[in-house]
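# with the sequence up front, the predicted model follows.
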Amino acid sequence: MPRYLADTSIWSWANKRERPDITAKLAVRVAGDDVVTCVPVALEVMHRADSTARYAQLYRDLLDPLDWLALTEEATWRAMDVQQGLAARSDGAHRRPPIDFFIAAIAELHDDIVLWAFDSDYGVIASFTGQPVELEASTGPGH
């Protein structure tokens, strides 16, 4: 049974009224212990907290209950390898947010992890790595 590394885009859209389907899907997967996280995702998610109290609440409620995947040295070098490989494949293919390479590498190093996101940059990365990715339908411009 796969588990899902939910990208920041999933957490963000799950908190918006425009996508109750994502809110429900995330809730079901979290309840089934099917969602994991990692430090790069946590840093992005927690960046949005607007106060000390909100930070503590978000961390406690959203991230603390999850299993965590480590950003290992192997993952950091895999992120670099993938970026270099995309650069060699075609001009501009490597121009993805640096943090996305780390998140994808963390997921790729685990056989049972599917990278789950809205972000089409992960589709480009996965087309190179061959790793499983579940991309949600676009939410409009910018996603």
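Received the coordinates, thanks. Numbers count the residues shown, from 1 in each chain.

# which one is Glu108 nearest to, not counting chain neighbours?
Excluding its sequence neighbours, the residue lying closest to Glu108 (CB to CB, 6 or more residues apart in numbering) is Gln131, at 4.3 Å. No exception for glycine: its C-beta is placed from N, CA and C like everyone else's.

# now do Ile10
Spatial nearest neighbour of Ile10, excluding adjacent residues (CB to CB, 6+ apart): Trp116 at 5.7 Å.

# for the strand or helix carrying the one you found, C-alpha coordinates in PDB please.
Secondary structure assignment for Trp116, by DSSP states H and E: strand 113-117. Output in PDB follows, covering the C-alpha atoms of strand 113-117 (Å, rounded to 0.1, in the frame of the first residue of the first chain):
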ATOM      1  CA  ILE A 113       6.200   6.700  -1.300                       C
ATOM      2  CA  VAL A 114       4.100   8.500  -4.000                       C
ATOM      3  CA  LEU A 115       4.800  12.200  -4.400                       C
ATOM      4  CA  TRP A 116       1.400  14.000  -4.200                       C
ATOM      5  CA  ALA A 117       1.100  17.500  -5.500                       C
END
